[in-house]
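Trainee: Okay, predicted coordinates and the sequence, questions at the end:
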Amino acid sequence: MEHVNVIADADRIMVAWRRIMPPQQYRTGARAYARRSDRSFGWFAMESKQAAALATALSADSGGCEAPAGALSLPSELRPFPAAARRRRTVADVAKLLLACVAALQLCYLLATAILIAAYRYVDPPVTVLMAYRKWSYGWRIQPPRPVSFRKVPRYIRSMLISVEDGKFYEHHGIDFEAFQRAQEIDKRVGKPLYGGSTLTMQVARTLFLVPVKSYLRKYLEILTALELEALLPKDRILELYFGYAEWGKGIFGMESAARKWYGRGISALSRDESARLVALLSSPIKYGPETLQRNGILRERYEYLSERFDPQAQAVPSADAQPPPLPPPTPEPGVEAETATEPSAEPPKADAPQAASP
């Protein structure tokens, strides 16, 4: 017991360890020991039973007297790990630490967005991440957003937006796998990753919480946030947030602000042609305006589709031989200029595509 009490002290253990370890291994262990603030023998996670085993080994080999270097042997549980094993343990520990950090960051992001989304059910966001990004990264002057009530948005404008951006908005739960498939098919035909199949919910998630940087990480977070939006907000509120905060020009956010900027009146006073121009503009709102969208093939195709489909005269006198206009190309991914996404629409709209924005 005397040897156990003496050897159990950390400083005494190092003295004993020095007698039986090769110099290089001792110096490595001593440095690790000196770095520990609690002065515990942390190199091999020495526990009380290991200290007792070391004391027993020393007592049995030396009879309590000092022995020459190399004369003592250690139990297997106290022998140093080979260098290769130590390296493997180090790499595994670093990998586990990185995974734990990534999981913790993701959990923090999900908790923060969930709290904000729950609050946005009742209040309008004072600012979005996209607004801050445009202001501080680009130096743009941001006009204060003008959130608009869902009921004040004319029904045909809601239908216009859904028809060109997300025909199944009221059917899916934030993610439309058919839209992903269609986007992949178009990307293969044009040979570039131009389209991402984002739903309206995913676009709202990107506007509120993310930056328009084209990356797999942003897409992954966009999907997670879209699922949160669908779980915590009704569909009409998601659409209301889109009309209130979507980017509609350089420093312009929300359709109400865009209507007042370009036409000097609110969204409820817009004509159908003016509404079609603003909705068509969403594919490239920074470089073009309602009066210059004809210069871009995609914007022109979107405008012509909306004008033909929502023409009140054509709807009043339907023709038996009339065919629905083909769907225009979807909105490109963030960071892709609209003029580079020149793939035309190759498939007609589905027969069950919703005509109205809300049931």
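Mentor: Good, I have the coordinates.

Trainee: close enough to count as contact, residue 145 and residue 253?
Mentor: Yes: under the contact definition of CB atoms under 8 Å, residue 145 touches residue 253, with a separation of 4.7 Å. C-beta coordinates here come from the backbone N, C-alpha and C atoms, glycine included.

Trainee: Same drill for those two, tell me which one is more crowded.
Mentor: residue 253 (26 against 20; other CB atoms under 10 Å).

Trainee: any low-confidence regions in the stretch 151-300 of the chain?
Mentor: Within the stretch 151-300 of the chain, the segments meeting pLDDT under 70 span 190, 192-194.

Trainee: which residue ranges form the strands in it?
Mentor: Taking DSSP state E, counting those that start in this stretch as the criterion, the stretch 151-300 of the chain contains strands spanning 247-249, 252-253.

Trainee: ok so, going back, hey, what's in contact with both of residue 145 and residue 253?
Mentor: Taking CB atoms under 8 Å, 6 or more residues apart in numbering as the contact criterion, the common neighbours of residue 145 and residue 253 are 131, 244, 245.

Trainee: Can you turn the buried part of those into a PyMOL selection?
Mentor: Here is the PyMOL command that selects only those of the shared contacts of residue 145 and residue 253 that count as buried (16 or more other CB atoms under 10 Å):
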select buried, resi 131+244+245
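
Trainee: Just the closest of the shared contacts of residue 145 and residue 253 to residue 217, please.
Mentor: Proximity of these to residue 217, judged by CB to CB, is greatest for residue 131, which lies at 20.9 Å.

Trainee: Now that closest one: closest residue in space that isn't a chain neighbour?
Mentor: Leaving aside its chain neighbours, residue 131 sits nearest to residue 142 (5.3 Å; criterion: CB to CB, 6 or more residues apart in numbering).

Trainee: cool, and residue 331?
Mentor: Leaving aside its chain neighbours, residue 331 sits nearest to residue 283 (4.9 Å; criterion: CB to CB, 6+ apart).

Trainee: Make TSV out of the shared contacts of residue 145 and residue 253 and add distance to residue 201.
Mentor: Shown next, in TSV, are those (distance: CB to CB, whole Å):
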residue	distance to residue 201
131	19
244	15
245	13
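
Trainee: Just confirm the residue nearest to residue 331 contacts residue 299, I think it does.
Mentor: Yes: contact criterion CB under 8 Å: residue 283 and residue 299 qualify, at 5.8 Å.
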